[in-house]
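Asker: Need a 3D model of the following:
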Amino acid sequence: MKNLILFENFDLDKFLSNPGEYIHNDSEEIGIGTYVDSYRGKGQILDETPEFWIIEPMDSSGSRVKVPKDLVVKIPADDIGSITSGMSSRENTKNEINNFSDSIEEFMETSVTDEDGEFKYRGNLKTAMDFMNEIVVDIVSLSKRDPNMKNYKEFDRLVSLIAILADNVLESSPQDKTLKEEIEKILSFVGSL
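Answerer: Predicted coordinates:
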């Protein structure tokens, strides 16, 4: 009977203009698509089992957690805007991290070569250091906007690429102590984020 009433009252035009209103309204009913709060934090229900809701927390890297059904509380519809803007912000952060990683890969493709069985940086050392410092400044700026940045799997790729580039630059001039100190500072700083 409940489904029949829902079907009769369903307005397709309103649904298409604002799907969140139909998925998350002010009723007490909780189901897939509902934003809830629990001991695991705020999140959206993605699936269910007989005893658990499967939730994607808003402050994680897209992981899913199981929470007992009786331990979730529906978030008021008025608060959904701030939650969904957080999700949008998370996607923007991931995209920016991927852009940084892509630019490092492009930089290495043009400047790191395999000679004598070793990968080494073959360009201007100042250019490489300026490039790495710019990336670090961008990462710091991004981490201030999204403190959860370090929890995203995209961040792991970025850190790995920075370390690879730093190693290749260091291999090109292993006797330069100033270069080594500057690279160690960059790696230490990125590692501390």
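Asker: Please make it C-alpha for all contacts and neighbour counts, starting now.
Answerer: Fine.
Asker: Restricting to C-alpha, output the lengthiest strand in the chain in PDB.
Answerer: Scanning the chain for the longest strand, with DSSP state E as the assignment, gives strand 41-48. As requested, C-alpha coordinates have been extracted for strand 41-48 and formatted as PDB (Å, rounded to 0.1, in the frame of the first residue of the first chain):
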ATOM      1  CA  GLY A  41      30.400   9.800  11.000                       C
ATOM      2  CA  LYS A  42      28.000  11.400   8.500                       C
ATOM      3  CA  GLY A  43      27.400   9.700   5.200                       C
ATOM      4  CA  GLN A  44      25.000   8.500   2.600                       C
ATOM      5  CA  ILE A  45      23.500   5.000   2.600                       C
ATOM      6  CA  LEU A  46      24.500   3.100  -0.600                       C
ATOM      7  CA  ASP A  47      23.100  -0.400   0.200                       C
ATOM      8  CA  GLU A  48      21.800  -2.600   2.900                       C
END
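Asker: Any buried residues in that strand, and which?
Answerer: Of the residues in strand 41-48, those scored as buried under the neighbour-count criterion (16 or more other C-alpha atoms under 10 Å) are Lys42, Gly43, Gln44, Ile45, Leu46, Glu48.
Asker: Reformat the residues you listed into JSON lines and put distance to Gly33 and pLDDT next to each item.
Answerer: What follows is the buried residues of strand 41-48, written out as JSON lines (distance: C-alpha to C-alpha, whole Å; pLDDT from 0 to 100):
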{"residue": "Lys42", "distance to Gly33": "13", "pLDDT": "80"}
{"residue": "Gly43", "distance to Gly33": "10", "pLDDT": "81"}
{"residue": "Gln44", "distance to Gly33": "6", "pLDDT": "83"}
{"residue": "Ile45", "distance to Gly33": "5", "pLDDT": "86"}
{"residue": "Leu46", "distance to Gly33": "6", "pLDDT": "87"}
{"residue": "Glu48", "distance to Gly33": "11", "pLDDT": "89"}
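Asker: What is the longest strand of the chain packed up against?
Answerer: If contacts are counted by 3 or more C-alpha pairs under 8 Å, 6 or more residues apart in numbering; DSSP states H and E, strand 41-48 sits against strand 35-38, strand 52-57.
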